[in-house]
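Asker: turn this into a structure:
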Amino acid sequence: MDNTIPIFKSWVPEWMIKIVLFILLLPSIVLFFLPITNIQAAAGYYGSEPADMQFSVALFYAGYVGFYSLERRFFNYLAAREYFILFTFLLMLTSWICYNTHEVYIFFPIRFIQGLLFASTVNLSLSLMFTRLKSERAREVSFSVFFGLLICALPFNNIVTADLIDNFNYNIVYKGALFSYLPSLIFLPLTMNRIRLNIRFPLYKLDWQSFAIYSIGLALIGYILIFGQEYYWFGDPRIRYSMLSLIGLTALFIIRQRAMKRPYIDLRIFRSRSFKAGLLILFIMYICRFVSGITNGYFTSLLGFDPMHVSYINAFNLFGLISGTIIAACLIIQKKNIRLIWSIGFILLLIFHLIMFYHSDVQADEYKYFIPLYIQGFGVGIIMVPTIIYTISSVAVSRGTSAAAISLAIRYLGFCGSIALINYFELFGKSKHYNAFQDHLSVLDYPVVHHMQTQANILLSKGLHPGLSSKATDKLLISTLNKQDQLRFAMDYYELIAWLIVGILLLISLSPYLGKTIIRLRSRRLSPA
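Answerer: Next up, the predicted model:
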C-alpha cells in the first residue's frame, strides 16, 4: 500500500480526512460492549439474564476474531469506497434489527454478524490511517489510536448511554447507534475516490470451512466459560456436549491447518518464544482489565450508587486509559525496553488492587476511588498497545496476519476467562463467608444481640409498630450479612489478582531475554487487528 495513492479527493483538507476516519471507526467500537454498559437494563429489556448479555458481547467478539483472516480477501477484492458503503449499510441494518427486536435468540445471531462487520471496519479504517500518516511513526500512532479507542469503549459507553437508559427504554441506544453511522455514510462516498488499496484478487478458494470451524469453536468457548458456573459445569449435559464439540473442532482445525498449503492460521507462529510470552502477558492483562466488573458491582451493590453515578466515576478510569495509551505510544517511539514497559504497567495494576483491598468498606465516599480508577486505567493503557505490537512483530512478516488473529483470540479468551473466574469465585467466596458469619450469629453472641436490639430501638423510635420490629430487624441483619459477603468476596478477588500480578512481575524480571528486547516496527509491516 502506497501513501501516494489518492484515496481522498484533492479538495478534501487533511483535518477533515482525520475527522471522517474517526467517525468511521467510533460507532462500531461503541457497539462492541454496548449490551454490558448497563447489563441489568439490557437483560430486563430482552427478558433474559445478565449472563445472556455477556454472551452477546462474546458472540460479537467471536465474529470479529473468526472473520478477521477471511475478511482480508474481501478487503483485497472490493474497492475501498464500495466496500465501506456495503458494510456500513449492513451495520445500520443490524442496529435497526436490534432496536426493534425483544427476542434474545434473534439478538444473538445479529450480534455475531455485527462482529463480522466490525472486522471489516477495523481493516479498512486502519488501512486508511496508514495512508494518511506519512512519517516513520505511522504504525505506532495508528495502532495506539485504534487500541486506545478499543480499551476506552466500555467506560466511554457507560458515560454516553447512562442518561439515555435512565430516561428512555434500553433500545434507544441502538437507535442512537443507527443514526451515528449516517455522517460517515454521507461524507466518505463524497470525499473518497473509487480506487483500490491493493491489487484485486479474485474471490475463489475462500476457506469457509476453516472460518466456520474456528468461529463455532470460539462461540463454544464463550458459551462454556460464561454459562458454565450457572449450569454447574460438567454436571449439565449442555456444557458436557459443548466441551466435547470444542475438543473435536479444535483437533479438526489443527489437522486441517497442518495439511493446507495456505492455512487459515499458520500454526508455525507458536515456535517463537517472544510470541508466546506476549500472548501470556496479553491474557493476564485482560484478566486484570475486567476486574472493573467487580469494582462496578461494589459501587452499586454496597455503596448504593446508581448506574448513572457509576458511569461518571468511571470517567477517571477513562482518563487513565487515554493517558496510559499516549505514554505507551511515546515509549514505543523512543524504543524503550519491553521489560520496562510491562513492569511499569503491572506495578500500577498491583497498586490499584492493593488500594481496593485495603479501602473497601460498606460505607465510603466516591472521591476515595478517583485515583485508584485512574491508576488502573493508566496501567492497562500502558500495557495494551506495546504488548500487541510486540506479539505481532515477533514473528516473520509473512505470518503477521496469523499472529494478529491469534492475538485477537487471546484477548477474547481473556474477556471470557475473566467472566468465568468472577462467576466461580463469587459463588464460592460468598458461600464461604456466609457460612463463616453464620457460625457467630446466635442468641448467645452478645455483639449480635446488642446490634439487633439497637436496630429495633431505632425502628421503634421512627414509628414502626412494636409487633413488626423483630421481623424488620431480622431482615436488616440478613441485608447486612449479604453486604459483608459481597465485600469479602471482592476483597478476596482483589487479593487473588494481586498475587497473580506479583507472579507475572517476577516472571518478567527473571526472563533473561527480555532484558534487551525492544519493540521494532519500522522494518515490519504489521497487520491491523
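Asker: can you give the distance of stretch 392-399 from its chain's centre?
Answerer: When C-alpha coordinates are averaged (CA atoms, centre = their mean, to the nearest Å), stretch 392-399 and its chain have centres 24 Å apart.
Asker: so for it, mean pLDDT?
Answerer: Mean pLDDT, computed over stretch 392-399, is 78.
Asker: pull it out as CSV, backbone CA atoms only.
Answerer: Taking Å, rounded to 0.1, in the frame of the first residue of the first chain, the C-alpha atoms of stretch 392-399 are listed here in CSV:
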residue,chain,number,x,y,z
ILE,A,392,2.7,-9.4,16.2
SER,A,393,6.2,-8.1,15.4
SER,A,394,7.9,-11.1,17.0
VAL,A,395,7.0,-13.4,14.0
ALA,A,396,8.0,-13.4,10.4
VAL,A,397,6.4,-10.8,8.2
SER,A,398,4.6,-13.4,6.1
ARG,A,399,2.9,-14.7,9.3
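Asker: tell me the buried residues in it?
Answerer: Neighbour counts using 16 or more other CB atoms under 10 Å place 392-395, 399 of stretch 392-399 among the buried residues. The way it works is simple: take the backbone N, C-alpha and C, and place the C-beta from them, glycine included.
Asker: which one among these gets closest to Asp166?
Answerer: For the buried residues of stretch 392-399, the residue nearest Asp166 by CB to CB is Ile392; the value is 40.6 Å.
Asker: secondary structure element holding that closest one?
Answerer: Assigned by DSSP states H and E, Ile392 belongs to helix 370-393.
Asker: next: Tyr45.
Answerer: Of the helices and strands defined by DSSP H and E, Tyr45 is found in helix 39-46.
Asker: that helix - contacts with which helices or strands?
Answerer: Counting contacts by 3 or more CB pairs under 8 Å, 6 or more residues apart in numbering; DSSP states H and E, helix 39-46 packs against helix 50-77.
Asker: give me that answer again for 10 Å
Answerer: Packing partners of helix 39-46 (3 or more CB pairs under 10 Å, 6 or more residues apart in numbering; DSSP states H and E): helix 50-77, helix 104-132, helix 153-167, helix 172-180, helix 292-301, helix 307-313.
Asker: return the residues in contact with Ile347.
Answerer: Contact analysis of Ile347 by CB atoms under 10 Å, 6 or more residues apart in numbering lists 375, 379, 501, 505.
Asker: by neighbours, which of those residues wins?
Answerer: Of all the contacts of Ile347, the most densely surrounded is Gly379 (27 neighbours; neighbours counted as other CB atoms under 10 Å).
Asker: what inclination does the helix holding Ile392 have with respect to helix 153-167?
Answerer: In terms of direction (axes from the mean of the first three to the mean of the last three CA atoms, to 10 degrees), helix 370-393 departs from helix 153-167 by 130 degrees.
Asker: convert the C-alpha atoms of stretch 340-357 to PDB, please.
Answerer: Only the C-alpha atoms of stretch 340-357 are listed here, as PDB (Å, rounded to 0.1, in the frame of the first residue of the first chain):
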ATOM      1  CA  LEU A 340      10.400  -1.600  31.500                       C
ATOM      2  CA  ILE A 341       7.000  -1.000  29.900                       C
ATOM      3  CA  TRP A 342       5.500  -4.200  31.300                       C
ATOM      4  CA  SER A 343       6.900  -3.600  34.700                       C
ATOM      5  CA  ILE A 344       5.500  -0.100  34.900                       C
ATOM      6  CA  GLY A 345       2.100  -1.200  33.800                       C
ATOM      7  CA  PHE A 346       1.800  -4.200  36.100                       C
ATOM      8  CA  ILE A 347       3.100  -2.300  39.100                       C
ATOM      9  CA  LEU A 348       0.400   0.200  38.600                       C
ATOM     10  CA  LEU A 349      -2.200  -2.600  38.400                       C
ATOM     11  CA  LEU A 350      -0.800  -4.100  41.600                       C
ATOM     12  CA  ILE A 351      -1.100  -0.700  43.300                       C
ATOM     13  CA  PHE A 352      -4.800  -0.500  42.200                       C
ATOM     14  CA  HIS A 353      -5.600  -3.900  43.600                       C
ATOM     15  CA  LEU A 354      -3.900  -3.200  46.900                       C
ATOM     16  CA  ILE A 355      -5.700   0.100  47.300                       C
ATOM     17  CA  MET A 356      -9.100  -1.600  46.600                       C
ATOM     18  CA  PHE A 357      -8.300  -4.400  49.000                       C
END
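Asker: for it, buried residues please.
Answerer: 341-346, 348-353, 355-357.
Asker: next one: it to chain centre, how far?
Answerer: For stretch 340-357, the distance to the chain centre is 19 Å (CA atoms, centre = their mean).
Asker: can you check stretch 31-42 too?
Answerer: 12 Å.
Asker: with stretch 117-132 instead?
Answerer: Stretch 117-132 sits 19 Å away from the centroid of its parent chain (CA atoms, centre = their mean).
Asker: that one - what's its average pLDDT?
Answerer: For stretch 117-132, mean pLDDT rounds to 74.
Asker: and if you look at stretch 316-330?
Answerer: 86.
Asker: is it true that Tyr424 touches Phe489?
Answerer: No - look at Tyr424 against Phe489 with CB atoms under 10 Å: they stay out of range, at 11.0 Å.
Asker: more neighbours: those two, which one.
Answerer: Higher neighbour count among Tyr424 and Phe489: Phe489, with 24 against 14, using other CB under 10 Å.
Asker: surely that one and Glu426 touch.
Answerer: Yes - the criterion here is CB under 10 Å, and Phe489 meets it with Glu426 at 5.7 Å.
Asker: can you tell me how far Ser184 is from Ala42?
Answerer: Ser184 sits 25 Å away from Ala42, going by CB to CB, to the nearest Å.
Asker: and the pLDDT at the residue nearest to Asp266 when sequence neighbours are not counted?
Answerer: Nearest residue to Asp266 in three dimensions, chain neighbours excluded: Ser402, at 4.0 Å (CB to CB, 6 or more residues apart in numbering). What the model reports for Ser402 is a pLDDT of 83.
Asker: surely Ser402 meets Arg72?
Answerer: No - applying CB under 10 Å, one finds Ser402 not in contact with Arg72, separated by 11.2 Å.
Asker: Provide the secondary structure category for Tyr264.
Answerer: Here Tyr264 is recorded as coil under DSSP: H, G, I helix; E, B strand; the rest coil.
Asker: centroid residue for the protein?
Answerer: The centroid of the chain falls nearest to Phe415 when counting by CA atoms, centre = their mean (5.8 Å).
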